[in-house]
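>>> Need the 3D shape of this:
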Amino acid sequence: MKIARCVVFTAAVLLLALCIASAERPPRSELGRSVKFTLLVDKVMQPEAGWHTEAWMVQEAAEAGFNVWSPRLGHNNLAEVLLVNEWCRKYEIFHIPWMRGTLTAPDGAEADGKRVVWSSGSEQPLWSPNSDEFWNWTTNYIVEYAKMAADDDTIIGVFLDYENYAPGLRGGNLYDLSYDDIIMGMFADDQGIELPELRLADRASWLEDEGLTEAFSEFQINHWRERCRTLREAVDEWAPEFQFCIYPAPGTLFMTAATYPEWATEAAPLILADASIYGRPGIWANHEEALAENEAKLTRNMEWALEQPGGPYMYAGGLDPVVTGADPEFSGRNAVMSSELTDGYWIFYEGPTYDGTHRDYFNWFTRANEAIAAENWDFWGAERETPDSAGALELIAETDKPQIVVSGTRPHLIDTIESFDTWEVHPMEGVELSYLEGADVVLLQNFNQEWGPGHPFVMALREYVENGGGLLIGHDTGWFMASPFEGVATRGYPTKKVEAVRHVVNTDLVTDNDHPALGDITPRTIFSTEFNDHMIFEPGPNADVIIRNIFRDPVYVAGEVEKGRVIFSGCYYGYHGPLEGTERDVLENVLRWLGGLDE
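Next up is the predicted model:
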């Protein structure tokens, strides 16, 4: 009987694969409209051939139901791009070359004054978006792709990645306003002013002091728009239906202020590749919770993007199996959720190995793509078939040490806490009160969930602390999530040395008093932080400000709530390396105070 079932199942799978492989692809004009995107950016099969695409890879993707193939490497080999296009046409799948939207700049005089400069003064080894070098490079490849598209609509456009992979201190993904010599000089000429000699770190503040910040922003954005418009026009000469796909959406200032209005046309809507639902929001989220959170997050992002000037736009949620918790079944159901809500999905396919879990993932993506084609939207909410280890309801202690649960488990943060030789450390695996109650201290670092005061987790945190728990709300957590303790602190809005609205950059901190949470650290001790930015808070009536920055903004705020204790900390711990010096001592003392270990 088992053999018979196996034969029937195998025959069904082969029949499905044969049907998919033999199906004609939809008209190009229907992709992203009546036909959902199922777009694969491959980093799993290409390594099997020295990071080149081969025909079998395209065939396998097509047989799994993907309708767009995008090789992670190879955009700069035009002969290979053409060859991949031939294979895509053969296997009835569309093709979109992937390339970075950034260009590495060399050391030396050739690029001096032309690199990206953030408002903090940090310079990264990337050609500025105001440089001819950046735009010539970008234009040369994309226009060549457009010429190919004019001859064969198998190639639908270009996938541009604006994530910031470059070394050095950064202000985020690319691009925000740059303060390089090129744009500063152009702006000065436009304004009829003479620039003083300015250090990189002083340029943004000088513009602010002169009342020129808004004018500079408008000038630079207009410059970007002109460049984008010129590229769109060059593409349209060859292939008016050629689409730009930009990542990570909703996007940076450059993306939203320049590419949105200039690269979207009626014939070629701009494709916005969202990056917010790669996997679960954390291993604390079980299957159902994670899908619900992803749906809410994707909805917010898409609604915001579609309301922006310009358009038309197409929107697609993104997946990435390398993210913790993005197991095969979750990824497949996440793909269908995205496709019901948006114009499809795309996947940055990394994490699995071809001889490892690749087959598990492709089996689930095949099922997902079949459900999408059939508009079987019940698929993503169906009962899970494989075991789910996420969403713990109880914290299991293995020692008699005090227990600390940490969200945002940077290895250097964990190393620092373990070096205190005090705590048993647990990555956060649950959000229920029953789980939290097993911890002496909960540390939420960059737990960036936009949850209001009535959300069950916010209410669970409140009850956990009131019952005697210790809670550290760290860095962006206190910005995105509603404060469980408004009497202690709420988000603050800095006014000096600000990036991304909420971050104070490159600014030292100073202890403010002799609060017991600081141990033996004396007041007015000035120290630097391992990470280059921090948040600030608005203290409530039941709070003690224990650490400020040198502008006197509150950075650490402490409070006692019934039987428990809470610290709002604006710092990010362990991003580049373990904590050292005073900052390390501060964290050690704060955690001991939260856990009541010095009583």
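
>>> quick one, domains of the protein?
Residue ranges for the domains of the chain, per automatic domain parsing: 36-95+275-388, 403-594.

>>> Just the endpoints, please. Distance across the first one?
Right, domain 36-95+275-388. 28 Å (C-alpha to C-alpha, to the nearest Å).

>>> And the last one, by the same measure?
Across domain 403-594, the straight-line distance between its terminal residues is 12 Å, by C-alpha to C-alpha.

>>> so for it, what's the average pLDDT?
Average pLDDT, domain 403-594: 96.

>>> Check the first one too.
Within the predicted structure, the mean pLDDT of domain 36-95+275-388 is 97.

>>> Quick check: residue 226 vs residue 323, distance?
Distance of residue 226 to residue 323, given as C-beta to C-beta, to the nearest Å: 37 Å. For the C-beta atoms, the positions are set from N, CA and C on the backbone; glycine is no exception.

>>> just residue 415 next, same as before
22 Å.

>>> Looking at the two, which one has more neighbours?
residue 323 (17 against 14; other C-beta atoms under 10 Å).

>>> give the contact list for the more buried one.
278-280, 351 (C-beta atoms under 8 Å, 6 or more residues apart in numbering).

>>> Okay, buried residues for stretch 261-277 please.
Within stretch 261-277, the residues that count as buried by 16 or more other C-beta atoms under 10 Å are 261-265, 268-277.

>>> oh, I was asking about stretch 170-184
170-171, 173-184.

>>> Report the rounded mean pLDDT for that stretch.
So the average pLDDT for stretch 170-184 ends up being 94.

>>> Quick one: end-to-end length of it, please.
19 Å.

>>> For it, which outside residues touch it?
Counting by C-beta under 8 Å, 6+ apart, 101-102, 112-122, 124, 126, 128-131, 162-164, 195, 198, 200, 203-204, 216-217, 219-220, 223-224, 248, 252-254, 499-500, 505 sit against stretch 170-184.

>>> Any of those residues buried? List them.
101-102, 114-122, 124, 126, 128-131, 162-164, 200, 203-204, 216, 219-220, 223-224, 248, 252-254, 499, 505.

>>> mind listing which of these are in strands?
115-117, 124, 126, 248, 499, 505 (DSSP state E).

>>> Now tabulate the domains of the chain in CSV and tack on distance to residue 233.
As requested, the domains of the chain are exported to CSV (distance: least, C-beta to C-beta, whole Å):
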stretch, distance to residue 233
domain 36-95+275-388, 16
domain 403-594, 32
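
>>> Tell me where the stretch 251-400 of the chain has helices.
Residue ranges of the helices in the stretch 251-400 of the chain, as given by DSSP state H, counting those that start in this stretch, are 253-254, 260-263, 287-306, 328-341, 358-373.

>>> which stretch among these comes nearest residue 45?
helix 358-373 (7.9 Å; C-beta to C-beta).

>>> ok so, going back, can you tell which of the helices of the stretch 251-400 of the chain is closest to residue 70?
helix 358-373 (14.7 Å).

>>> circling back: looking at the helices of the stretch 251-400 of the chain, which is buried most?
helix 328-341 (a mean of 24; mean count of other C-beta atoms under 10 Å).

>>> Now do it: distance to the chain's middle.
18 Å (C-alpha atoms, centre = their mean, to the nearest Å).

>>> Residue 492: which of the buried residues of stretch 261-277 is nearest?
Checking those one by one against residue 492 (C-beta to C-beta), the nearest turns out to be residue 276, at 24.9 Å.

>>> how close does residue 123 get to residue 208?
19 Å.

>>> And the two? Which one has more around it.
It is residue 123, of residue 123 and residue 208, that has more neighbours when counted by other C-beta under 10 Å, with 21 against 16.

>>> how much space between the more buried one and residue 397?
For residue 123 relative to residue 397 (C-beta to C-beta), the value is 47 Å.

>>> just checking, residue 202 touches residue 117?
No. Here residue 202 does not reach residue 117: they are 11.3 Å apart, not a contact under C-beta atoms under 8 Å.

>>> Can you say which helix or strand has residue 175 in it?
Here residue 175 is covered by no helix or strand, with elements defined by DSSP states H and E.

>>> Nearest residue to it in space, please, no chain neighbours.
Counting by C-beta to C-beta, 6 or more residues apart in numbering, residue 254 is the residue found nearest to residue 175 once chain neighbours are left out, at 3.9 Å.

>>> Just list the residues touching the residue nearest to residue 47 when sequence neighbours are not counted, thanks.
Leaving aside its chain neighbours, residue 47 sits nearest to residue 354 (7.4 Å; criterion: C-beta to C-beta, 6+ apart). Counting by C-beta under 8 Å, 6+ apart, residue 354 touches 44-45, 47-48.
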